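Engineer: Quick one: sequence and predicted model below, then my questions.
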Amino acid sequence: MTKGLNFKTPEAQVQFLVHELKGTHKHVLKHMLNTKNVQEATETWTRKFEIPSEKEIRHSLGKRINFAQNFLNTIS
């Protein structure tokens, strides 16, 4: 997984994320691959991977969706 890497590096963080999405959180990846738009993908990621409180979801979901859309627009 991340043996020999400093856990603070982006490489180690990405490797661990991939490890989780192929293992304990493979259901999240399955759902993510079946989303149809940025809003669905963001809601899936938030509710199934990050799993914040409902209060936090109400407070931040709109911001998360906007950030995700802006990121997608930047890389597309």
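Structural biologist: Good, I have the coordinates.

Engineer: All the helices of the protein, in order from the start?
Structural biologist: Secondary structure of the chain (DSSP state H): helices located at 10-22, 26-33, 38-44, 54-75.

Engineer: Select the helix or strand of the chain having the lowest average pLDDT value.
Structural biologist: Taking mean pLDDT, DSSP states H and E as the measure, the helices and strands of the chain show their lowest mean at helix 10-22, namely a mean of 93.

Engineer: Any buried residues in it, and which?
Structural biologist: When neighbours are counted by 16 or more other C-beta atoms under 10 Å, the buried residues of helix 10-22 are found to be 12, 15, 21. Heads up, the C-betas are built off the backbone N, CA and C, glycines and all.

Engineer: Specify which member of those residues is nearest to Gln39.
Structural biologist: For Gln39, the nearest member of the buried residues of helix 10-22 is Leu21. The distance, counting by C-beta to C-beta, is 20.2 Å.

Engineer: residues in contact with that closest one?
Structural biologist: With contact set as C-beta atoms under 8 Å, 6 or more residues apart in numbering, Leu21 has these partners: 28-29.
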